[in-house]
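Sharing a model that was predicted from the sequence below.
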Amino acid sequence: MAKAFEDSKTSKTVYLTMKRHSYTTKKIKAAEESSEKASGDAVMSTDDKDKEYPTLVRLTSGTKTKLSTLVQPQDLDRFMVQYTNIIKINMDNLKKKERKKAAKAKAKKATA
């Protein structure tokens, strides 16, 4: 990940996405629901609020570099500390905000 941020100093853009990862897909959920309806049995749903899910982290840089990993809930704090350290080191890559001179000129005319 650090190498992707270092490469972004030249011309590449780094995209990082994080989301909750559940092990079931839409197809699996649809199949389970259809089988429950076919059997006619009432099934209690589990409370998803109490469940801890891993976090899926995806990083893309340019067209060739793609990384993805699963971060377990107990390791998330350690991952975030390492990620913020990488971001702090590479913070000098950010562009400065371009200010328009016309806005300053209008402000001077309004006060005069």
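Nice, thanks for sending it over.

pLDDT below threshold where in this protein?
11, 25-50, 93-97, 101-112 (pLDDT under 70).

ok, and residue 58, which helix or strand is that part of?
For residue 58, the host element (DSSP states H and E) is strand 55-61.

Report the strands that pair with the following helix or strand past that strand, each with its relative direction.
Moving toward the C-terminus from strand 55-61, the first helix or strand encountered (DSSP H and E) is strand 65-71. Taking DSSP bridges as the criterion, strand 65-71 forms sheet pairs with strand 55-61 (antiparallel).

Flag every buried residue along the strand it pairs with.
For strand 55-61, burial by neighbour count (16 or more other CB atoms under 10 Å) applies to 55, 57, 59, 60, 61. C-betas here are computed from N, CA, C, even on glycine.

same deal with stretch 12-28?
Neighbour-count burial for stretch 12-28 flags 12, 14 (criterion: 16+ other CB under 10 Å).

Name the surrounding residues that touch that stretch.
4-5, 8, 53-62, 65, 70 (CB atoms under 8 Å, 6 or more residues apart in numbering).

try 7 Å this time
For stretch 12-28, the external contacting residues (CB atoms under 7 Å, 6 or more residues apart in numbering) are 4-5, 8, 53-62, 70.

I'd like the residues you listed as a markdown table, with distance to residue 91 appended.
As requested, the contacts of stretch 12-28 are exported to a markdown table (distance: CB to CB, whole Å):
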| residue | distance to residue 91 |
| --- | --- |
| 4 | 15 |
| 5 | 10 |
| 8 | 12 |
| 53 | 30 |
| 54 | 28 |
| 55 | 23 |
| 56 | 25 |
| 57 | 20 |
| 58 | 22 |
| 59 | 17 |
| 60 | 20 |
| 61 | 17 |
| 62 | 20 |
| 70 | 27 |
